[in-house]
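**Student:** please work out how this folds:
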Amino acid sequence: MGYSIDESMVRVDFFKESGKWYATEAVKWIGYRNTLIYDAFENSLREHFKGIPRYVGMWAVCLVPYHEHSCPIMIKWEGKNGR
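**Tutor:** Numbers count the residues shown, from 1 in each chain. Purely as a prediction, here's the structure:
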């Protein structure tokens, strides 16, 4: 089940390095059948922010990814240059 009416929209929470919650974004998930769930998550964030450096250096957490093998996922978001 998605975050909104569109099942491919997911909730992503951003946390500071200290662990304090900072923000929540609704992100369109790209790569439902991508075998590498971390790559799908990173590509979704990259497409969502379109090169705008937001939340860089924070932890991005998605509890219910729109993925064939869905499980909670967390990456350190470093913007357009990768994780």
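**Student:** so where do the helices sit in the chain?
**Tutor:** 37-49 (DSSP state H).
**Student:** could you list the low-confidence segments of it?
**Tutor:** Within the chain, the segments meeting pLDDT under 70 span 1-4, 80-83.
**Student:** can you rerun that using 80?
**Tutor:** For the chain, the stretches with pLDDT under 80 are 1-5, 80-83.
**Student:** would you enumerate the residues in contact with the closest residue to H48 other than its chain neighbours?
**Tutor:** Counting by Cβ to Cβ, 6 or more residues apart in numbering, V27 is the residue found nearest to H48 once chain neighbours are left out, at 4.6 Å. From N, CA and C alone the C-beta is placed, and that goes for glycine too. If a contact means Cβ atoms under 8 Å, 6 or more residues apart in numbering, then V27 has 9-12, 44-45, 48, 62 as its contacts.
**Student:** what sits opposite V27 in the beta ladder?
**Tutor:** In this entry, V27 is beta-bridged to V10, by DSSP bridges.
**Student:** count the neighbours of the residue nearest to P53 when sequence neighbours are not counted for me.
**Tutor:** Closest residue to P53 in three dimensions, ignoring its sequence neighbours and counting by Cβ to Cβ, 6+ apart: G79, at 4.9 Å. Neighbour count for G79, taken as other Cβ atoms under 10 Å: 16.
**Student:** H48 too?
**Tutor:** Here the number of neighbours of H48 (other Cβ under 10 Å) works out to 16.
**Student:** that one and W29 touch, don't they?
**Tutor:** No: counting by Cβ atoms under 8 Å, H48 sits too far from W29 to count as a contact (9.5 Å).
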